[in-house]
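Q: Next come a sequence and a model predicted from it.
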Amino acid sequence: MAVVALSDTETLALPGDGLREGIVQQLRDVLGDALLDSLVKPGDDVWVRVRTDAWRAAGAALRDVVGCDYFCFLSAIDWMPSPYGRGEDDPTEPPPERSTEIRQGYTGGDTRMQVFARVRSIQGKFGVTIKADVPDDHQVVDSWISLYAGANWHERECHEMFGIGFAGHNDLRNMYLPTEFEGYPLRKDFPLLARMVKPWPGIVDVEPLPGDGEDESDV
Amino acid sequence: MSDLADRQKLSYIAAQAADARLNVELETEGMTLNIGPQHPATHGTLRIIVRLDGEQVIWAEPSAGYMHRGYEKLTEVRTFPQVTTLINRIDWLGSFANEVPFILAAEKLMDIEAPARAQHIRTILFELSRIANVSLFLGDLGVQLGAITPVFMAFRDREYVLNLIEGATGGRFHPNFDRIGGLKDDLPAGWLVETKQVMKKLRNFCTEMEDLLFGNEIFQSRTRGIGVIPKEVALQYGLSGANLRASGVDWDLRRDQNLPLAYDKVDFKVWTHPDGDSFARCWLRLQETREATKIVDQLIDTLPAGPIMAKVPRIIKVPEGEAWVSTENPLGEMGYYVVSKGDLGPFRVKIRTASFNNISIVPWLLRGVYVPDVITILASLYFILGDIDK
């Protein structure tokens, strides 16, 4: 019947932290000071942040130098805290004071928006998460389409949800929403209207919490 | 086989020539055809717009979004334990498998690990949802090709698996059973014995399918050499799961990463196929279903005793940080990038679904194929609309 190739490769040892340090070093060699920050979490993962203008070069370095041939995803994060909280305010009361301090996550950052992507090396069994700031006044980064064909739809989605432009991508149509839709739903200042019209009934937990009235270890 | 392929090519050329003559006579310049939004090959509401030149597709574009439910936004207004209710509706045929990577990501941020028994049961349920998911694919595959019988067999045997999932979790489709730190409940009495019997039935089902469908000449001639995806292209588009392994890439997240699941306790084969065509993708899924039943059997034999819940605080606050966890779901790599700010709920969750990448290759893949093959190619790529639209 079919020509069957069984997987007979030995399971290689999973990569250690030394290898992750090596990835960062390889990227630093190529990108120089365009690599702004990096983080290696022991036994977990590696994060790098590059300058906005080096976004495409960093993708090329990941693909050609580090050997990440598999494109996992590309998306963005809006680091501004939501002005609406988690939509649990009592609509009859004035809204509470909320922090508006923008605090970026791993590898820091200077802007409200960041794009981030993840690629993986199939052979080396490791992945890299890469981030870049998106300037607040000109929210455009270079497209990865010519590096990873799979970035096409991810950039469309990212543009639709965050309003970030991708230079070099000439087909940023909406994927999910109607063409005439206004606003960028995943930005933190886009209100979740359904939540505002009708408060979420799950705020009050009517069921007793597990372990109520008994030893917690029995749960 | 080459004979068959040659015959096919000749008949295609003949049909093409006839079409061309007709087009000249009628002065038509191709046509645009909508496949869907409602079409049995799409597992949901996906519309594919194809522009045809005669019988040949010259341009194709999937138009998703009919089922967009905004889960990424909704997770930002839920607490961590509430999120599982949402996300097990992403790929509705393998719901439990959707919960696992998210829970693992939350556990990673909280630096806790589920007890060994919980990890084992998680893995068993994970594989059961794979079987439930892929067995439906195998049945559905027949329908796409005009064979009605397999779908009845698939529904019959999938029901046993759904009963098991219901017996253990209380939900046939949406178990919502996974908790941060372990599981909601232990397994009911007698469940393990029943599971072993069902696994035997499912192996029979796989053999039946192999004889009925995969050995069938019509099936082979309609899938072999059709919709070939080379390895490099598959990787570039981020194809994962059986679609990637069918292109000869030996990569399985169950084996190739360290996760607190019980896959390191079992011995299983990662199947690959060198051809990359529709047949390879379908055939691979069949093997994986059979392999999954063996994994379940082994896990049942080695199921450890002990608690099923680690010590977790009553009100779950996840420390500040970022975590990425992905697992080998029935459709491919599914992962969650969870950003927490030390709050009750996540700050941002990026959901990476398998079908989104798997289907983004369609415009590339459908160029130049013939209309009847469009359906078999789509069927062999196997996507769930909830998994694309999120």
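A: Good, I have the coordinates. Numbering: from 1, shown residues only, chains lettered A, B, ... in the order given.
Q: Counting by contacts, list what the lengthiest helix in chain A packs against.
A: Across chain A, the helix with the greatest residue count (assigned by DSSP state H) is helix A:17-31. Other elements packing on helix A:17-31 under the criterion 3 or more C-beta pairs under 8 Å, 6 or more residues apart in numbering or on different chains; DSSP states H and E are strand A:35-41, strand A:45-50, helix A:55-61, strand A:126-134. To be clear about C-beta, it is placed using only N, CA and C from the backbone, and glycine gets the same treatment.
Q: hmm, who's touching that helix?
A: In this structure, residues lying in contact with helix A:17-31 by C-beta atoms under 8 Å, 6 or more residues apart in numbering or on different chains are A:35, A:38, A:40, A:42-43, A:45-46, A:48, A:50, A:54, A:57-58, A:61-62, A:65-66, A:124, A:126, A:128.
Q: In CSV, could you pull the C-alpha coordinates for it?
A: Written as CSV, here are the backbone C-alpha positions of helix A:17-31 (Å, rounded to 0.1, in the frame of the first residue of the first chain):
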residue,chain,number,x,y,z
ASP,A,17,19.2,27.1,29.0
GLY,A,18,22.7,27.2,27.6
LEU,A,19,21.2,26.8,24.2
ARG,A,20,18.8,29.7,24.8
GLU,A,21,21.7,31.9,25.8
GLY,A,22,23.3,30.9,22.6
ILE,A,23,20.3,32.0,20.6
VAL,A,24,20.4,35.5,22.2
GLN,A,25,24.1,35.7,21.4
GLN,A,26,23.6,34.7,17.8
LEU,A,27,21.0,37.4,17.4
ARG,A,28,23.2,40.0,19.1
ASP,A,29,26.0,39.2,16.7
VAL,A,30,23.7,39.9,13.7
LEU,A,31,21.6,42.7,15.0
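Q: Please identify the buried residues of that helix?
A: Of the residues in helix A:17-31, those with enough neighbours to count as buried (16 or more other C-beta atoms under 10 Å in any protein chain shown) are A:19-20, A:22-24, A:27, A:30-31.
Q: and A:His179, how many neighbours?
A: For residue A:179 the amino acid is Thr, not His. A:Thr179: 6 surrounding residues under other C-beta atoms under 10 Å in any protein chain shown.
Q: Give the helix, strand or coil label for the residue nearest to it when sequence neighbours are not counted.
A: Using C-beta to C-beta, 6 or more residues apart in numbering or on different chains and skipping residues adjacent in sequence, the residue nearest A:Thr179 is A:Arg173, 7.3 Å away. At A:Arg173 the chain is in coil, as set by DSSP: H, G, I helix; E, B strand; the rest coil.
Q: again with the one 5 residues further on
A: Taking three-state DSSP as the rule, one finds A:Pro178 in the coil state.
Q: okay, stretch A:45-58 in PDB with CA atoms only?
A: Once non-C-alpha atoms are left out, stretch A:45-58 reads as follows in PDB (Å, rounded to 0.1, in the frame of the first residue of the first chain):
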ATOM      1  CA  ASP A  45      11.600  30.100  27.300                       C
ATOM      2  CA  VAL A  46      13.500  33.000  25.700                       C
ATOM      3  CA  TRP A  47      12.300  36.500  25.000                       C
ATOM      4  CA  VAL A  48      14.000  39.100  22.900                       C
ATOM      5  CA  ARG A  49      13.100  42.700  22.100                       C
ATOM      6  CA  VAL A  50      14.400  44.500  19.100                       C
ATOM      7  CA  ARG A  51      14.200  48.000  17.800                       C
ATOM      8  CA  THR A  52      11.200  48.800  15.600                       C
ATOM      9  CA  ASP A  53      13.300  49.400  12.500                       C
ATOM     10  CA  ALA A  54      15.000  46.100  13.000                       C
ATOM     11  CA  TRP A  55      11.800  44.000  13.200                       C
ATOM     12  CA  ARG A  56      12.200  42.600   9.700                       C
ATOM     13  CA  ALA A  57      15.900  42.100  10.000                       C
ATOM     14  CA  ALA A  58      15.400  40.300  13.300                       C
END
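Q: Tell me if that stretch is near chain B.
A: Yes - using C-beta under 8 Å from any C-beta of the partner chain, stretch A:45-58 comes into contact with chain B via A:45, A:47.
Q: B:Leu244: helix or strand, and which one exactly?
A: Secondary-structure element containing B:Leu244, defined by DSSP states H and E: helix B:242-245.
Q: Please tell me how far B:Arg122 sits from B:Phe219.
A: The gap separating B:Arg122 from B:Phe219 is 35 Å, by C-beta to C-beta, to the nearest Å.
Q: quick one, which of those two is more surrounded?
A: Looking at B:Arg122 and B:Phe219 with other C-beta under 10 Å, you find the greater number of neighbours at B:Arg122, namely 26 against 22.
Q: packing partners for the strand or helix carrying that one?
A: B:Arg122 belongs to helix B:116-144 when elements are defined using DSSP H and E. Secondary-structure packing of helix B:116-144 (3+ C-beta pairs under 8 Å, 6+ apart): helix B:95-110, helix B:149-169, strand B:182-183, helix B:191-209, helix B:278-301, helix B:371-381.
Q: out of these, which comes closest to B:Val50?
A: Distances from B:Val50 to each of the helices and strands packed on helix B:116-144 were compared by C-beta to C-beta, and the smallest falls on helix B:371-381, at 6.6 Å.
Q: hey, C-alpha coordinates of that closest one in PDB?
A: Listed next in PDB are the C-alpha coordinates belonging to helix B:371-381 (Å, rounded to 0.1, in the frame of the first residue of the first chain):
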ATOM      1  CA  VAL B 371     -13.100  21.900  -8.800                       C
ATOM      2  CA  PRO B 372     -13.800  18.400  -7.500                       C
ATOM      3  CA  ASP B 373     -10.400  18.400  -5.900                       C
ATOM      4  CA  VAL B 374     -11.100  21.500  -4.000                       C
ATOM      5  CA  ILE B 375     -13.500  19.600  -1.700                       C
ATOM      6  CA  THR B 376     -11.100  16.700  -1.100                       C
ATOM      7  CA  ILE B 377      -8.300  19.100  -0.400                       C
ATOM      8  CA  LEU B 378     -10.300  21.100   2.100                       C
ATOM      9  CA  ALA B 379     -11.500  18.000   3.700                       C
ATOM     10  CA  SER B 380      -8.000  16.600   4.100                       C
ATOM     11  CA  LEU B 381      -6.700  19.800   5.600                       C
END
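Q: Now look at the helix or strand following that helix and say if it contacts chain A.
A: Elements were assigned by DSSP H and E; along the chain past helix B:371-381, the next helix or strand is helix B:385-389. Yes - contact check for helix B:385-389 against chain A, using C-beta under 8 Å from any C-beta: residues in range are B:Asp389.
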